[in-house]
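# curious how this folds, go ahead:
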Amino acid sequence: MPAYKRILLKLSGEVLAGGAQFGIDADRVHGLAREIAAVAAASVQIGVVVGGGNIFRGVSSAGRKIDRVTADHMGMLATVINSLALSDALEQIGVATRVMTAIEMRPVAEPYIRRRAIRHLEKGRVAIFAAGTSNPYFSTDTAATLRALEVKADVIVKATRVDGVYDRDPLQFPGAVRYSEISYLEVLSKGLGVMDSTAVAMCRDNNLPIVVFNLNTPGNIMRVAMGEPVGTAIH
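Residues are numbered from 1 along each chain as shown. Model (predicted):
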């Protein structure tokens, strides 16, 4: 029995690149699609926000040589490319999807309209929210939080390369300690960086729980949806 009726899954763009630094790994995207499809088949309503870092990251060294607003808009367009790739992979295995963009591009995807997004979720479609918030200076973490609040998701599930929130980067420090649960305030005060501070503060102010988990372990999206103690719970 699912623990949540409706979840917002936050994926980094880098996840879609597989083992490469840039671009889209079709096999990785199709593997993700199969995991999402399994969760959707368990009657969990799923909204997805994908980053764009595998294509363009506005805060990268390349991005810093471009006007910040322009660079952020380029990053938003990168999220649309990733969203279309994920949508295509899901549709190929029979999962109905809708890509909804914060920046209107009607020949490519639907414009984001809150009530329509909720209706898609109620009908069992996977709603993929692209182009961030349409505003520069806001990350896709913040976009994910905003969409989760707007569509009344029960939880944000953030997929990462490690199995939760640590007191320091476990990829650099083997002795890093993992938290099974932690408060919003601790994440902010310790500067743990699992999500940007704006997103964490929005979750705190609206009592929206976050689960941070390792996407590289097959089946973890389903385990989180079923309420198993996977990763770190932030509340």
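
# and D88, what does it touch?
Contacts for D88 (CB atoms under 8 Å, 6 or more residues apart in numbering) come out as none. (Glycine included, C-beta is placed from N, CA and C.)

# which phi and psi does it have?
Main-chain torsions, D88, degrees, to the nearest 10: phi -60, psi -40.

# just the one 4 residues further on next, same as before
Here the main-chain torsion angles of Q92 (degrees, to the nearest 10) amount to phi -60, psi -20.

# I'd say it and R34 touch.
No. Using CB atoms under 8 Å, Q92 is not in contact with R34; the gap is 10.3 Å.

# who's more crowded, those two?
R34 (13 against 10; other CB atoms under 10 Å).

# show me where the protein has helices.
For the chain, applying DSSP state H gives helices covering 13-16, 26-41, 68-92, 114-122, 140-150, 184-189, 197-205, 220-225.

# which of the ones you listed is buried the deepest?
helix 140-150 (a mean of 25; mean count of other CB atoms under 10 Å).

# looking at this structure, which helix or strand does the model trust least?
helix 13-16 (a mean of 92; mean pLDDT, DSSP states H and E).

# now do the same for the residue nearest to R161 when sequence neighbours are not counted: its pLDDT.
Distances taken as CB to CB, 6 or more residues apart in numbering place N216 nearest to R161, at 6.3 Å, with adjacent residues excluded. Each residue has a pLDDT score; the one for N216 is 90.

# how close does the closest residue to H73 other than its chain neighbours sit to V48?
Nearest-residue entry for H73: P136, 6.6 Å, with adjacent residues in sequence omitted and distances by CB to CB, 6+ apart. Separation of P136 from V48 (CB to CB, to the nearest Å): 22 Å.

# neighbour-wise, which of these two wins?
A direct count of neighbours by other CB under 10 Å for P136 and V48 places V48 higher, at 25 against 16.

# before we move on, back to that, from A17, how far out is the residue nearest to R161?
13 Å.

# between these two, which contacts overlap?
Overlap of the contact sets of N216 and A17 (by CB under 8 Å, 6+ apart) is empty.

# what residues does the residue nearest to H73 make contact with?
Residues near P136 by CB under 8 Å, 6+ apart: G58, R68, V69, D72, H73.

# tell me the pLDDT of the last one.
At H73 the predicted local distance difference test score is 94.

# please apply the same query to A62.
65.

# related to what we said a few turns ago, which of N216 and A17 has more neighbours?
More crowded of N216 and A17, by other CB under 10 Å: A17, with 19 against 12.

# show the low-confidence segments of this protein, by residue range.
58-63 (pLDDT under 70).

# what's the spacing between the residue nearest to H73 and R161?
27 Å.

# now swap in V29 and tell me
17 Å.

# V200 now?
To R161, V200 is 19 Å away according to CB to CB.

# ok, T232 next?
The value you get for T232 to R161, if CB to CB is used, is 14 Å.

# can you check G191 too?
Distance from G191 to R161, by CB to CB: 19 Å.
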